[in-house]
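Visitor: Take a look and give me a structure for this.
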Amino acid sequence: MHLKTIAAFVAATVGVQAQVQINEIFINPPSTDNGMEFIEFKGASNQSLTGLHLLMIEGDGASAGLIDVALDLGSLSLGSNGLLLWRDSSTVLSPAPASGTAVHVADFNPDIENGSNTYVIVSGFTGTAGVTDLDTNNDGVLDLTPWTSVVNAIGLIENDGASNLGYAVALGGISYGPNAGFNADALVRLANDANILFGGDVTGTSPGSFPFTEATTAFSSGSNVFGDIVGTAQLTPGSENFSAVPEPQEYAAIAGVLALGAAAWRRRANRA
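Guide: Numbers count the residues shown, from 1 in each chain. Next comes the predicted model:
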């Protein structure tokens, strides 16, 4: 990784973290979905979500572009630690949310759909869930954008041999998949790189814990590729997500940046 690339990555990450993000989604729990599905949001401490909606946009076949779900976030705020957990049930999952996390309980209607979906936080939404089709000719390009601005977007594109579309990248976000023979049960944004999504298989039973196993190929999406998850990864509803270890060449590049910074500091100190 070049020094210029690292600098650009740092700047991009700072910009991303300054806004509300979709941080973690449990899409396809083991067994029944009810009581285990959740979406986690991340942003600034106690940040208000006034004027915002979370949209779930269909990406499968002839229904591509249809807004399946529109969740009104306007009455909610992030917790003191910058996290909000939207649960479909009051059953506390394991591990329990951090003490500073805001928790909102309301069933997803319909449930979070398996398959290809784009999840978008928007402001000024004027469409209608179940009615508004954003991609009228199903060509992967949005024909309608019934909102004032896009705040954040992530997507999952499955690989099932059918037509699957995603809109997150076009909306300034990041997308995961498709991966041959593998469809993610959950999407997790790395704690140490907000520009990377991990998708993986999830096991366990309610109320958890839910061990998370990364896909064997094309497991991440973003500006950098990390090698291994730190320790034994699991979903963390309402708590900080897991991290991943950079590959060796990234360690070398980062070390080089630190060395240059230390040398500059010594030169400045010597001139003082």
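
Visitor: Buried residues in stretch 157-168, which are they?
Guide: The neighbour-count check on stretch 157-168 (16 or more other C-beta atoms under 10 Å) flags 157, 158, 164, 165, 166, 167, 168 as buried. (C-beta placed from N, C-alpha, C; glycine too.)

Visitor: Between those residues, which sits nearest residue 19?
Guide: The nearest member of the buried residues of stretch 157-168 to residue 19, counting by C-beta to C-beta, is residue 168 at 14.9 Å.

Visitor: For the closest one, give me its contacts.
Guide: 118, 119, 120, 153, 154, 155, 174, 175 (C-beta atoms under 8 Å, 6 or more residues apart in numbering).

Visitor: Show the model's pLDDT score for it.
Guide: Looking at residue 168, its pLDDT stands at 94.

Visitor: Helix or strand: which one has residue 187?
Guide: In the assignment (DSSP states H and E), residue 187 maps to strand 186-190.

Visitor: now that strand, how far from the centre of its chain.
Guide: 5 Å (C-alpha atoms, centre = their mean, to the nearest Å).

Visitor: List of residues touching that strand?
Guide: Contacts of strand 186-190 (C-beta under 8 Å, 6+ apart): 21-28, 42, 154, 156, 176, 196-200, 202, 210, 212, 220, 226, 235, 241-244.

Visitor: So which residues of the stretch 101-250 of the chain form helices?
Guide: 248-271 (DSSP state H, counting those that start in this stretch).

Visitor: Which strands and helices lie in contact with the top strand by length along the chain?
Guide: Taking DSSP state E as the criterion, the chain has its longest strand at strand 193-202. Applying 3 or more C-beta pairs under 8 Å, 6 or more residues apart in numbering; DSSP states H and E, one finds that strand 193-202 makes contact with helix 3-17, strand 174-176, strand 186-190, strand 212-214, strand 220-221, strand 226-229, strand 244-246.

Visitor: gap between the nearest residue to residue 149 once chain neighbours are set aside and residue 73?
Guide: In this structure, residue 149 finds its nearest non-sequential neighbour in residue 123, 5.1 Å apart by C-beta to C-beta, 6 or more residues apart in numbering. To residue 73, residue 123 is 10 Å away according to C-beta to C-beta, to the nearest Å.
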